[in-house]
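[1] what follows is a predicted structure for the sequence shown.
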Amino acid sequence: MKKYNENHPRTIVKAITFRILFTISHIVNAFIVTGSLITGLKIAGLATVINTCLFWIHERAWNILSWNRNDNKKLVFNEGNPRSLSKMISWRITITTSNVFIPYFITGSWGQAVLFAGIATIVNMFLFWTHERIWNLFKFGKRLLSA
């Protein structure tokens, strides 16, 4: 069975692009919920630290599995849509707790925290899926470990 891998530099760059998207999303989501740009910046700032660590762990864990990765001469390997969907679902499970507790910690309001998490779930699932599918198009950091 073939074993495919993404190297650490790819995960780092992927985490940076991911964080840029999600920081913007957090600021906008928090502004919608609270009406405060400052609150959005506080939530996004704390999430940048916590959620980037969670993303790194999530990516490295998924990297262990070669499930639904297939040969692709141009890109080394291709990740299928079922893999991206599964990663999106496991990320949602991982991140939802953070998307409730960080806004609660900043605002002190369970109502705002739950509303923030609800909006984040809808918006960020789309962003995660799109981010995964775009990154699938780049060869950078992909390698075949064993055939």
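    All right, it came through fine.
[2] quick one: low-confidence parts of this structure?
    147 (pLDDT under 70).
[3] what residues sit buried inside stretch 15-23?
    In terms of neighbour count (16 or more other CB atoms under 10 Å), stretch 15-23 has its buried residues at Ala15, Phe18, Arg19, Phe22, Thr23. In this view, the C-beta of every residue, glycine as well, is placed from N, C-alpha and C.
[4] of these, closest to Gly118?
    Of all these, Gly118 sits closest to Phe22, with 15.8 Å by CB to CB.
[5] mind telling me what element that closest one is part of?
    Assigning secondary structure by DSSP states H and E places Phe22 in helix 8-34.
[6] so how far is that helix off the chain centroid?
    8 Å (CA atoms, centre = their mean, to the nearest Å).
[7] check which element follows that helix along the chain.
    helix 37-64.
[8] mind giving me the packing neighbours of the helix or strand following that next one?
    Using DSSP H and E, the helix or strand that follows helix 37-64 in sequence is strand 69-72. Where contact means 3 or more CB pairs under 8 Å, 6 or more residues apart in numbering; DSSP states H and E, strand 69-72 is packed against strand 76-79.
[9] for the strand it packs on, name the packing helices and strands.
    By 3+ CB pairs under 8 Å, 6+ apart, strand 76-79 packs against strand 69-72, strand 142-146.
[10] out of those, which is the most enclosed?
    strand 69-72 (a mean of 15; mean count of other CB atoms under 10 Å).
[11] direction included, what does that one pair up with?
    If you go by DSSP bridges, strand 69-72 pairs up with strand 76-79 (antiparallel).
[12] who's in contact with the partner strand?
    For strand 76-79, contacts defined as CB atoms under 8 Å, 6 or more residues apart in numbering pick out Tyr4, Asn68, Arg69, Asn70, Asp71, Asn72, Glu132, Asn136, Lys139, Lys142, Arg143, Leu144.
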